[in-house]
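[1] Output the structure for:
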Amino acid sequence: MLPIKSIINPSDETYRTNYAANSSAVERLSNELARSTKGGGEQYVKRHLARGRLLPRERIEMLLDEGSYFLEIAPLAGIGMENEFVGAGVVGGVGLVSGRECIIIANEATVKGGAVSEIGQLKNRRLSDVGTENRLPSISLVESAGADLPVQAKIFVPGGRGFREITRRSKMRIPSISVVFGNSTAGGAYLPGMSDYVVMVKKQAQVFLGGPPLVKMATGEIVDEESLGGAEMHSRISGLSDYLAEDELDGLRIARDIVSHYSDPIPKPNLKPVEEPLYPADELLGVASADVRVPFESREVIARIVDGSKFDEFKAKYGTTLVTGFGYIHGYSVGILANNGVLMSESAGKGAQFIHLCNQQNIPLIFLQNITGFMVGRTYEEQGIIRNGAKLINAVSNSTVPAITIMTGSSYGAGNYAMCGRAYEPRFLFTWPNHRIAVMGPQQLSGVMDIIKREALSKQGLPIDEEKLVASKLALEARIEAESDPYFATARLWDDGIIDPRDTRTVLAISLSAAYNRPVEGTMEWGVFRH
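    Okay, the predicted model is just below:
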């Protein structure tokens, strides 16, 4: 494999413009991520600490192997949404515990007592899916008041799925641990109740379906919290608790010990020696267009994320608007599909063939998505753009090797689907801060609607109010612009998080490592292809 020869010139005006804009976007991202660590606010954090308790991120840090990584999932869930805290009251991600990759989920007790909100439930579901899809043992650091009762209508019915999935993972031999640190009521009590292992912290953990006030109202019985559901009662009498921890650190130690007894994970593939790319990751800030309407060369991105910048391009001269080829990331063999313009019939067919080849050889797929959609127009329809586009979507839909998607720019229309957007269940999906996502671009969408309105008025013989139509067009464009924003998307878990472009190689490496906790088996079985 030969290395990609970069043609980037850091002194070029376009590069410098992109670098300045993307640096500003990364600075905003850093500030938002810092804000996401503040929990429910200073008052509630102080109250929590005054009780002698660790914060959720401190618990995670103490649980993880020293010096190891933690790939956080959806840290900005809920950002900007009404009645939601940044992070949605949950901290979660993939990390190493006793040498084993695990999915770790921690309730943020400083946010409404750890109660689960609508977005918090979606985040818990996503974390659960990451654990299931990648066969990762789960560790829940529990301190939860259950459902956020004012929004119960939005979370009660779908909420049962989380408990169901714990038991299904157990059936699949994917173990779960709950370490209970504080008051865990109602839904917060079912979580340890469904787990394979339960650790409770003495004089802190209190687990019950209904607290003393509810018990008194329902039955007339008067009982204190410790007698009703304390750690010692559950360890000595009810049997819900399997381990009684002396304090929080002891509880985390016990969890690490439990993981250390798990059977060894499946062997990872024989990795190639790791080579750093020839070009600095910092240059990605100048490579990516700050304006998603302006295309950029995807090979320049590939050159800064693959080992040794080496890339074996497949069908380099055919279907050139989609770059496909083989490389290595931290020693892992990967097949890469990267947009280099609008998808044409040829590039769609090429992408489908490449996905077939990767499945044949059990090679994971990396999608670098920067796509305005499929080409439109009479000529392209006659050439079968729908038929060929369907081949690519069929291949993406039925592929069984791990897929990881990075959205490096725009993600519009059916291009989102063809390049393995969220609906196509990639194992992981992250975005860059310049990312935009919608059915189509704001100007294009508002322009289409303007044409439709004008044609409707003309057909009805009604006068055209130019001022009103222009105002309507501008208002719609502004709304779509806001809804296309990466923070709007990440708030709703359309992705697993916004990342600094310079961290892309590391994020991909952790994601690949996590994916290999499950056998990587490609398929050669496909649905009907329209030829």
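[2] pLDDT value on the one residue sitting closest to the centre of the chain, please?
    Residue closest to the average C-alpha location in the chain (C-alpha atoms, centre = their mean): D496, at 1.6 Å. Listed pLDDT for D496 reads 98.
[3] Might one say that it is in contact with L429?
    Yes: the pair D496 / L429 is scored as a contact, 5.4 Å apart, by C-beta atoms under 8 Å. In short, each C-beta sits where N, CA and C put it, glycine included.
[4] Now do D495 against P426, distance only.
    10 Å (C-beta to C-beta, to the nearest Å).
[5] actually A418, not the one I wrote
    For A418, the distance to P426 - C-beta to C-beta - is 13 Å.
[6] So which residues of the stretch 201-350 of the chain form helices?
    212-219, 225-229, 231-233, 248-260, 284-287, 298-302, 345-360 (DSSP state H, counting those that start in this stretch).
[7] which of the ones you listed is buried the deepest?
    Of all those, helix 284-287 has the most neighbours on average by mean count of other C-beta atoms under 10 Å, namely a mean of 24.
[8] Give me the mean pLDDT for the host helix or strand of I155.
    Using DSSP states H and E, I155 falls within helix 152-171. Mean per-residue pLDDT for helix 152-171: 85.
[9] what do you get for stretch 422-436?
    97.
[10] And that stretch, end to end?
    Taking C-alpha to C-alpha, to the nearest Å, the first and last residues of stretch 422-436 lie 14 Å apart.
[11] what is the closest residue to G230 other than its chain neighbours paired to in the beta sheet?
    The spatially closest residue to G230, leaving aside those adjacent along the chain, is Q206, at 5.6 Å (C-beta to C-beta, 6 or more residues apart in numbering). Applying DSSP bridges to Q206 yields these beta-bridge partners: N183, G230.
[12] tell me the contacts of Q206?
    182-184, 225-226, 228-231 (C-beta atoms under 8 Å, 6 or more residues apart in numbering).
[13] Show me the shaky parts of the stretch 101-250 of the chain.
    149 (pLDDT under 70).
[14] now with 80?
    145-159, 186-188, 210-211, 213-214 (pLDDT under 80).
[15] CA atoms only for the strand or helix carrying A20, dumped as PDB, please.
    Assessed by DSSP H and E, A20 sits inside helix 13-35. What follows is helix 13-35, C-alpha atoms only, in PDB (Å, rounded to 0.1, in the frame of the first residue of the first chain):
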ATOM      1  CA  GLU A  13      -6.200  31.300   2.100                       C
ATOM      2  CA  THR A  14      -8.900  28.600   2.000                       C
ATOM      3  CA  TYR A  15      -7.000  26.500   4.400                       C
ATOM      4  CA  ARG A  16      -6.600  29.400   6.800                       C
ATOM      5  CA  THR A  17     -10.200  30.400   6.600                       C
ATOM      6  CA  ASN A  18     -11.300  26.800   7.300                       C
ATOM      7  CA  TYR A  19      -8.800  26.500  10.200                       C
ATOM      8  CA  ALA A  20     -10.000  29.700  11.900                       C
ATOM      9  CA  ALA A  21     -13.700  28.800  11.600                       C
ATOM     10  CA  ASN A  22     -13.200  25.100  12.700                       C
ATOM     11  CA  SER A  23     -11.000  26.200  15.600                       C
ATOM     12  CA  SER A  24     -13.800  28.500  16.700                       C
ATOM     13  CA  ALA A  25     -16.300  25.600  16.400                       C
ATOM     14  CA  VAL A  26     -14.000  23.300  18.400                       C
ATOM     15  CA  GLU A  27     -13.600  25.900  21.100                       C
ATOM     16  CA  ARG A  28     -17.400  26.100  21.400                       C
ATOM     17  CA  LEU A  29     -17.600  22.300  21.600                       C
ATOM     18  CA  SER A  30     -15.000  22.300  24.400                       C
ATOM     19  CA  ASN A  31     -17.000  24.900  26.300                       C
ATOM     20  CA  GLU A  32     -20.200  22.900  25.900                       C
ATOM     21  CA  LEU A  33     -18.600  19.700  27.000                       C
ATOM     22  CA  ALA A  34     -17.200  21.400  30.100                       C
ATOM     23  CA  ARG A  35     -20.600  22.700  30.900                       C
END
